[in-house]
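Visitor: just coords:
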DNA sequence: TTTAAATGTAAAGTAAACTTGACTAACCCA
DNA sequence: TGGGTTAGTCAAGTTTACTTTACATTTAAA
């Protein structure tokens, strides 16, 4: 699953630390998501959509068999 | 996090077994999701949206502090 | 009224999301 | 020439999603 977290964060001029704080997760989690080491939980996906004011589908690109 | 899986599945006249098969997960996973014992991974949420032909936001209702 | 299909519970195990902490490197700028 | 800020790695631990198996209960037909 691809995502646009890094770009969206950059557009909003936020640091990884600031985003992590707003989402109430660790900075390591942001790094791992941006590097696409793993996928977020659906809870975190909803929080990201809220912070970036867009839909989950706008942030994450689901690809068949990305499992 | 609340969800409408049971209702959406019923509307489509599918059994838990059939839905599980289409999503490539166990029946136990469907039961647990419908009973809201836990949340789906974002991957599974995308698959559900595809099967039900709607958006993730149509299936799942995010509530602040549902963690 | 019995049988089969559909739904449910419980428990033990695996995999993946997320945390914490310690440490590295690049980039300012004072 | 540092020192602070930002982004990154690595590794070990916790939590949660998901699987598997075995068994119980409800529901609907025959």
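Guide: Happy to help now that I have it. None of these values were measured; they are calculated from a predicted model.

Visitor: the helices in chain A, which residues?
Guide: In chain A, the helices defined using DSSP state H lie at A:5-11, A:16-23, A:27-34, A:42-52, A:56-59.

Visitor: now render those helices as TSV, adding distance to DNA strand C and mean pLDDT.
Guide: All C-beta spots, glycine's among them, are computed from the backbone N, C-alpha and C. TSV is the format used below for these (distance: least, Cβ to the nearest atom of the strand, whole Å; pLDDT from 0 to 100):
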stretch	distance to DNA strand C	mean pLDDT
helix A:5-11	11	97
helix A:16-23	7	97
helix A:27-34	3	98
helix A:42-52	4	98
helix A:56-59	13	98
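
Visitor: highest average neighbour count across those?
Guide: Mean neighbour count (mean count of other Cβ atoms under 10 Å in any protein chain shown) peaks for helix A:42-52 among the helices of chain A, with a mean of 20.

Visitor: centre of the chain to that one, how far?
Guide: For helix A:42-52, the separation from the chain centroid amounts to 7 Å (computed by Cα atoms, centre = their mean, to the nearest Å).

Visitor: circling back: wait, which of the helices of chain A is closest to DNA strand D?
Guide: helix A:16-23 (3.7 Å; Cβ to the nearest atom of the strand).

Visitor: so what does the closest one touch, helix or strand wise?
Guide: Counting contacts by 3 or more Cβ pairs under 8 Å, 6 or more residues apart in numbering or on different chains; DSSP states H and E, helix A:16-23 is packed against helix A:27-34, helix A:42-52.

Visitor: from the chain's centre, how far out does it sit?
Guide: Using Cα atoms, centre = their mean, the distance from the centre of helix A:16-23 to the centre of the chain it belongs to is 10 Å.

Visitor: how about stretch A:19-37?
Guide: Going by Cα atoms, centre = their mean, where stretch A:19-37 is centred and where its chain is centred differ by 7 Å.

Visitor: what about it, start to end distance?
Guide: Its start and end residues considered, stretch A:19-37 measures 18 Å (Cα to Cα, to the nearest Å).

Visitor: which residues are in contact with it?
Guide: Contacting residues not belonging to stretch A:19-37 are listed as A:1-3, A:5-6, A:9, A:14, A:16-17, A:38-40, A:44, A:47-48, A:51 [Cβ atoms under 8 Å, 6 or more residues apart in numbering or on different chains].
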